[in-house]
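Peer 1: here is my input, please return the structure:
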Amino acid sequence: QLPQMAKIEQSLQTEFAERRQELEKLQGDIRFEAEKFKRESTTMSQDQKDALRDKIQGMQKNLAEKGRPLEQEIKARQNQELAKVQTLIIKTIEEIAKDGDFDEVKVKDTTIYFNPKEVTDLSEKVVTAVSKK
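Peer 2: Modelled structure (predicted):
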């Protein structure tokens, strides 16, 4: 794995940590209230049950309202960062190909092919070169 990918992962973890913790706390609160409902529903009045049920549903709605946009924002940021790494990889492949006097570079799946007559996999060279940048 490229060091840039680990940096991106760490950066995104840090960037969204506070909001993720808020959602995790809300999930914990929902679990607590649901367990409370299970434990105490036999001794609760109907009004108390309804109030607690409404509270849990409100918390779940709040979780969904906060969770979906966060997931979308994280996905968008991941895509932005991955695009930067892809650009760096493509530039590095071009540099390696030019230095190696290759006529043609084709990318298929994860294997890199050069010249139809001779196949050379430059994956390690690319990873090494990108890692140094």
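Peer 1: pLDDT weak spots in this protein?
Peer 2: Low-confidence segments of the chain (pLDDT under 70): 103-121.
Peer 1: ok, longest helix in it?
Peer 2: helix 46-99 (DSSP state H).
Peer 1: packing partners of it?
Peer 2: Judged by 3 or more Cβ pairs under 8 Å, 6 or more residues apart in numbering; DSSP states H and E, helix 46-99 is in contact with helix 3-40, strand 105-108, helix 123-131. Where you see a C-beta, it was placed from the backbone N, CA and C, and this is true even at glycine.
Peer 1: can you redo these as a markdown table with distance to Gln86?
Peer 2: Putting the helices and strands packed on helix 46-99 into a markdown table (distance: least, Cβ to Cβ, whole Å) gives the following:
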| stretch | distance to Gln86 |
| --- | --- |
| helix 3-40 | 10 |
| strand 105-108 | 11 |
| helix 123-131 | 10 |
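Peer 1: out of these, the one nearest Glu81 is which?
Peer 2: Among the helices and strands packed on helix 46-99, helix 3-40 comes nearest to Glu81, with 4.4 Å by Cβ to Cβ.
Peer 1: quick check: buried residues in that closest one?
Peer 2: Gln4, Ile8, Phe16, Leu23, Leu26, Ile30, Glu33, Phe37 (16 or more other Cβ atoms under 10 Å).
Peer 1: pretty sure the third one sits against Pro69.
Peer 2: Yep, that's Phe16 we're talking about. No. In this structure Phe16 lies outside contact range of Pro69 using Cβ atoms under 8 Å: 11.4 Å.
Peer 1: hang on, the earlier thing: out of the helices and strands packed on helix 46-99, the one nearest Asn62 is which?
Peer 2: Going by Cβ to Cβ, the one of the helices and strands packed on helix 46-99 nearest Asn62 is helix 3-40, 6.6 Å.
Peer 1: roughly how far is that closest one from the heart of the chain?
Peer 2: Mean C-alpha position of helix 3-40 versus that of the full chain (Cα atoms, centre = their mean, to the nearest Å) differs by 14 Å.
Peer 1: cheers, nothing more for now.
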